[in-house]
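Engineer: A structural model of the following input is requested.
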Amino acid sequence: MISRLWRGWTTKENAGAYEQLLRSTILPGIHRIAGYRGAYLLRRDVPEGVEFMTITLWESMDAVRAFAGEDYEVAVVPPAARELLLRFDARSEHFETVAQPG
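Structural biologist: Reported below is the predicted structural model:
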């Protein structure tokens, strides 16, 4: 399994709207990609506002490429999300998942 890590930062005022967008639209929309195995959504307050980290789980790098394209490290950030973010990682990081809960 592959874990794809990505971070974005938003203002405290936009944090609720961004989280709702992730939960209601963005993450559920990824379910259509074959090989998607779920996600973790992490949130914390930071001096500039709120930081979010997503960890999406994929059965293989082929599944990651089906989601992100051939240049699979490029971040996939829909326009609605970009409008709410102050900044975000331009590239995602990928790790082989060697242990998981359960």
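
Engineer: which strand or helix spans the residue lying closest to residue 27 once chain neighbours are set aside?
Structural biologist: Nearest-residue entry for residue 27: residue 39, 5.4 Å, with adjacent residues in sequence omitted and distances by C-beta to C-beta, 6 or more residues apart in numbering. Placement of C-beta: from N, CA and C, glycine included. For residue 39, the host element (DSSP states H and E) is strand 36-46.

Engineer: quick revisit: which residues are in contact with the residue nearest to residue 27?
Structural biologist: Contacts here follow C-beta atoms under 8 Å, 6 or more residues apart in numbering; on that basis residue 39 touches 27, 30, 54-57.

Engineer: how about 10 Å then?
Structural biologist: Residues in contact with residue 39 (C-beta atoms under 10 Å, 6 or more residues apart in numbering) are 3-4, 22, 26-28, 30-31, 54-58.

Engineer: picking up where we left off before, pairing partners for the strand holding residue 39, with directions?
Structural biologist: Using DSSP bridges, the strands paired with strand 36-46 are strand 49-58 (antiparallel).

Engineer: ok now the strand it pairs with, how far from the chain's centre?
Structural biologist: In terms of C-alpha atoms, centre = their mean, to the nearest Å, the centre of strand 49-58 is found 5 Å from the chain centre.

Engineer: lowest-scoring secondary structure element of this protein by mean pLDDT?
Structural biologist: Using mean pLDDT, DSSP states H and E, helix 27-30 stands out as the lowest-scoring helix or strand of the chain, at a mean of 92.
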